[in-house]
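>>> Predicted coordinates and the sequence they were generated for:
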Amino acid sequence: MTGIGKPERVTQDRVIALFRDELGYRYLGDFSDREGNSNIEMGQLEAYLTRCGHTPEQINAATQKLLTEANHHGRDLYANNKAVYSLLRFGVPVRPDVARPTETIRLIDWEKPHLNDFAIAEEVTLKGNLIRRPDIVLYVNGIAVGVLELKNSRVSIGEGIRQNLSNQLPEFNAWFFSTVQFVFAGNDSEGMRYGTVGTPEKYFLKWKEDEEDDSRYKLDKYLLKMCRKDRLLELMHDFVLFDGGRKKLPRAHQYFGIKAAQKHVRERRGGIIWHTQGSGKSIVMVLLAKWILENNPHARVAIITDRDELDKQIERVFTDAGESITRTSSGRDLMAQLGQATPRLLCSLVHKFGRRDVNDFDAFIKDLQAQPSQTVGEVFVFVDECHRTQSGRLHKVMKAMMPNAVFIGFTGTPLLKKDRQTSLEVFGGYIHTYKFDEGVEDGVVLDLVYEARDIDQWIVSDEKIDAWFEAKTRGLNAWQKDELKKQWGTMKNVLSSRSRMERVISDITFDFGVKPRLSNERGNAILVASSIYEACKYFSLLQKTPFKGKCAVVTSFNPRAKDVTTEETGANTETDKQFIRDTYEELLKGVEGRPNMTRTEAYEERAKDLFVREPANMKLLVVVDKLLTGFDAPSCTYLYLDQSMQDHGLFQAICRTNRLDGEDKDFGYIVDYKDLFRKVENAIAVYTSELDHVDGGVDSEILLKDRLKNGKERLESALEAIILLCEPVEPPKGELQYIHYFCGNTEISNDLQEREPRRAALYTAAVALVRSYANISDEMEEAGYTTADIERIKGQIKHYLNVRDTIRKASGEEIDLKAYEADMRHLIDTYIEAEEPRRISPFDNLGLLDLIVKTGIAAAIGERLGGGKSDKNAVAETIENNVRKKIIKEHLSDPEFFEKMSALLDEIIAARKAKALEYEKYLERIADLVKKVQKGHDSNIPKRMDSPGKRALYNNLGHDEELALRVDSAVNAARPDGWRGNQVKENIIKGALLPVLNDDAAEVERVFLIIKAQGEY
């Protein structure tokens, strides 16, 4: 018999041997009956400090200071632990007498780990109000830095975590944990979890390294990884963070990301750290910046972000860590500060890029250009969300101002084709990646569940709409009538009718009444509208529902008088901008501005704060672009999409819902009203795919030259085309001559009609010219143009745009639609009705990673349909092939079940080919099959079959429960460690199976293959 069901004592003995024999820790003994157990063992600490050459006076002063900070009764555990950590990390300043200078006594030698005294003791009895006895305590130089609670393999690791947490309570032994840096819990079946003082159970972490190594218990494997002497000290020295009242340790991906970045920094190479949304990217920035400043006395770090929340967090974390950081007020201020020797650490806010904020970014660039000072020191520039803030303008100016700076980009999204090239020019390749699926697998973020809901709309009166057009277009020419009808068609398809919006609100209200996280008021939601107008319209409609007083609208709009100075049409109607301004004026009534904030900003700050802290009092935020990046709200559980999105924006938006928030939040939920199914799937596929790291293989100068060469060629071609088009215009080529050439006599309709192709060519050429110029307008000199060339081209572009505008007006081919805006909104609201939302996605309630990564189905759909192919048979075949691959791959683990699944797949395929199934019904059936295949068993399996191994045995032993349990017990009792692939050990298992299976050797071989395919044995 082997050690199945062995007591905790066996595990503890093995772990002690591991620390002693493999990690080289001294074994101090069993401290269960020892008097005076302490988190600061004075004998060991004094012996270490004596070996370091310190005098008895110095040692006494240092240890007394340490004891005072560790046992300060006027502070809580967090504050005492923080004070002790400072002494451990930076040393204890002592001055034994006034005649001698202050000296720093190092309690730990961080640079030479082997010179420290590493030791462990077991069953360390702690006497406080109540007695507790941690299984193992780790000491460095007599100071307790780690506590390990062990459980046997049948007891949940959570019990060990909770035991550690209760030990930290004042009524137990909080005093002991004032020096502790690591809190471990483990058993032989689940492995190991780690946290630090005050870490809640749900945030205890798993280490992850050398995953392919499966040679021993995961508990042993990761104790060896984390508690190796040099690694343990490195984690304590470089990776502990005190952030806003919470002590934090790194996750494995953060540790390895920083280690990879450290290598780049030493070599003065830039690059990009891609860590998926919600995985703690800002902590990586902080820890890396601290390391750079501490290890390079000449280093300066400038952190540039487009999120005010992150800017504030960076300042707070560094302040908490005892580091001084300067928040600069402008681009000019940033450059002025970098032109001096201090400060060494700066952060600067670049407003989020968007239609309204482009002007802010231009102002930032102008500030930089106005201060051409040289930087002092070795500058490292961190750029947050680098896929957004890496544009050519920023690149050009910063490279010019800081030619020797190292640029490190941080992003939660991989680089897609459209912004990959310029990003690589600025930063180089990827330093480290941590993908979405890795984050879900590690429990860092939640998986997402997607549900599409369709809302059919129809026109209730074509006749009245036609009559309206007849009445409104009597004074317009044919072109203008056509443009107005085109605009109507666009608005009809793009804009939501009041009826549709009311259906959406009713749908959301229903969810808040029945969905667990929403109905118990622990979770809340964001509704993404397609425009500021629609966000305001949604908000006004919500005021007539239970959401009144518990919802807010957050957009980039800030009401100003000039917004509506050109909006009045004199028709007693309300334009879009007038409606938006009126809505904001109403909601801002009674809102007082805060220092350095407008009333709108104060309103939004309060809404965001309530949303995060009091979800029951701020249930729904209506947004357009704001809060879809960089806004972390664990309570946010549902995202309702009523805006067409794709790529980075779509992925960042849906990840607003994937933050951890207690056991009752199992997924982030995406409800889509815009039919974005394929775009969601494509985004997830990209965000989980392997990447070309191109690290060290990219010559940014070559990339830049190639791009600029192509850009110059396009500009030259566009300029040549419009010059040739206008060449036949008669001299002196004034306005009259251009009008004659492109319009003829504007009072004669035949002249206008005959010259229409000329005008169409002019409009097209002007658009091509503007686009080609915009692509390289900030890099004209780099593209090879002289100053004179640049001025000449600017003048030519201005000239031809003036020509286009003149011709449009002369020909009557321009219409100001403002006067018709309110009327068309009225048509949409009056004559378009909407159906109840209808769920149309067949794969809901199945996590997106199950769909995309594990079966490949969604990627196949995205590839087929996204490429413009609508052949339903082709899509179906791709789905079926992916399901078939999954069945074949898993067949050996449970032949009976997967043969049944294969037969079911054959039946569905035959029905499809015989056209006995409608396509939507087919998708429903194939989705149900996918769920079963992914789950690996039927839903009606007996409760006692509570593991994959037992279920596989039950399925393949004639559905005989008792026989399956006897086989399971025999295998668990007989299996030696590392039996797979070892013939002798495999025969031990087969020998144990023979009597259970009636000495049938052939049956033993058949069942053994199933057992071998089960990971649990």
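Here it is on my side, so go on. Numbering: from 1, shown residues only.
>>> Contacts for the strand or helix carrying residue 759, please.
Taking DSSP states H and E as the criterion, residue 759 maps to helix 756-776. Helix 756-776 is contacted from outside by 392, 708, 711-712, 714-715, 717-719, 721-722, 725-726, 741-743, 783, 793, 797, 800-801, 803-804, 807-808, 811, 813, using Cβ atoms under 8 Å, 6 or more residues apart in numbering. (C-beta placed from N, C-alpha, C; glycine too.)
>>> One more: stretch 978-998?
For stretch 978-998, contacts defined as Cβ under 8 Å, 6+ apart pick out 215, 963, 966-967, 970-971, 973-976, 1001, 1003-1005, 1007-1008, 1011-1012.
>>> go on, stretch 297-305?
Under Cβ under 8 Å, 6+ apart, the answer for stretch 297-305 is 285, 289, 292-293, 311, 314, 334, 338, 344-350, 375-385, 389.
>>> Narrow the contacts of stretch 978-998 to those in helices?
Of the contacts of stretch 978-998, the ones assigned to helices by DSSP state H are 963, 966-967, 970-971, 973-974, 1001, 1003-1005, 1007-1008, 1011-1012.
>>> Report the rounded mean pLDDT for the helix holding residue 759.
The pLDDT scores in helix 756-776 average 87.
>>> One more: stretch 311-320?
Mean pLDDT, computed over stretch 311-320, is 71.
>>> on that earlier part again, please list only the buried members of the contacts of stretch 978-998.
Taking 16 or more other Cβ atoms under 10 Å as the criterion, what is buried in the contacts of stretch 978-998 is 963, 966, 967, 970, 971, 974, 975, 1004, 1007, 1008, 1011.
>>> Please identify which pair of those lies farthest apart.
Pairwise distances across the buried ones among the contacts of stretch 978-998 peak at 18.3 Å for 963 and 975 (criterion: Cβ to Cβ).
>>> Secondary structure class of residue 946, three-state.
coil (DSSP: H, G, I helix; E, B strand; the rest coil).
>>> can you pull the pLDDT of it?
pLDDT, residue 946: 82.
>>> for it, what are its contacts?
Counted by Cβ under 8 Å, 6+ apart, residue 946 has zero contacts.
>>> Of the ones in helices among the contacts of stretch 978-998, which is the nearest to residue 732?
Nearest to residue 732 among those, counting by Cβ to Cβ, is residue 1012 at 91.1 Å.
>>> Against residue 968, how distant is that closest one?
14 Å (Cβ to Cβ, to the nearest Å).
>>> Could you do residue 16 as well?
For residue 16, the distance to residue 968 - Cβ to Cβ - is 31 Å.
>>> The two: which has the busier surroundings?
residue 968 (23 against 18; other Cβ atoms under 10 Å).
>>> How about the contacts made by the more buried one?
949, 950, 953.
>>> ok, and the most crowded of the residues you listed?
residue 953 (25 neighbours).
>>> For that one, which non-adjacent residue is spatially closest?
What sits nearest to residue 953 in space, not counting adjacent residues and going by Cβ to Cβ, 6 or more residues apart in numbering, is residue 964, at 4.0 Å.
>>> pLDDT wise, what is the one you found at?
90.
>>> Low-confidence ranges, the stretch 601-750 of the chain, go.
Along the stretch 601-750 of the chain, the parts satisfying pLDDT under 70 run over 647-648, 677-707.
>>> ugh, wrong one, the stretch 851-1000 of the chain
851-891, 901, 912-924, 927, 934-937, 939.
>>> try 90 this time
By pLDDT under 90, the low-scoring segments of the stretch 851-1000 of the chain are 851-961, 969-992, 994, 996-1000.
>>> Can you report phi and psi for the residue most central in space within the chain?
For the chain, the residue nearest the mean C-alpha position is residue 277 (0.6 Å; Cα atoms, centre = their mean). Dihedral angles of residue 277 (phi, psi; degrees, to the nearest 10) stand at phi -50, psi 130.
>>> Is it correct that it is in contact with residue 659?
No. Assessed by Cβ atoms under 8 Å, residue 277 is found out of contact with residue 659, at 9.1 Å.
>>> Look at the closest residue to residue 142 other than its chain neighbours and say how many residues are nearby.
Nearest non-adjacent residue to residue 142, counting by Cβ to Cβ, 6+ apart: residue 44, 2.9 Å away. The local packing of residue 44 (other Cβ under 10 Å) involves 18 other residues.
>>> for residue 9, same thing?
11.
>>> before we move on, what SS does it have?
Assigned by three-state DSSP, the conformation of residue 9 is helix.
>>> ok, it to residue 157 distance?
Counting by Cβ to Cβ, the gap from residue 9 to residue 157 is 17 Å.
>>> Over to residue 928?
35 Å.
>>> Look at those two and report which has more neighbours.
Between residue 928 and residue 157, residue 157 has the larger neighbour count (other Cβ under 10 Å), namely 22 against 14.
>>> Isn't the more buried one up against residue 188?
No. In this structure residue 157 lies outside contact range of residue 188 using Cβ under 8 Å: 10.1 Å.
>>> Quick one: work out the angle between the longest helix belonging to the chain and helix 756-776.
Longest helix in the chain, counting residues (DSSP H): helix 700-726. Interaxial angle of helix 700-726 relative to helix 756-776 (axes from the mean of the first three to the mean of the last three Cα atoms, to 10 degrees): 160 degrees.
>>> Tell me which other helices or strands helix 700-726 touches.
For helix 700-726, the packing partners by 3 or more Cβ pairs under 8 Å, 6 or more residues apart in numbering; DSSP states H and E come out as helix 417-427, helix 756-776, helix 787-811.
>>> State the distance from residue 551 to residue 201.
33 Å.
>>> same check, this time on residue 166
Residue 166 sits 11 Å away from residue 201, going by Cβ to Cβ.
>>> Where do the helices of the stretch 901-1017 of the chain begin and end?
For the stretch 901-1017 of the chain, applying DSSP state H, counting those that start in this stretch gives helices covering 919-935, 948-956, 961-974, 983-996, 1001-1012.
>>> Might you list the low-confidence residue ranges for the stretch 1-150 of the chain?
1-9, 95-103, 126-132.
>>> let me redo that: the stretch 301-450 of the chain
Judged by pLDDT under 90, the stretches of the stretch 301-450 of the chain that qualify are 302-342, 346-377, 381-405, 407, 409-430, 433-450.
>>> circling back to that earlier point, which of the contacts of helix 756-776 count as buried?
Buried among the contacts of helix 756-776 by 16+ other Cβ under 10 Å: 392, 708, 711-712, 714-715, 718-719, 721-722, 725-726, 741-743, 783, 793, 797, 800, 803-804, 807-808, 811, 813.
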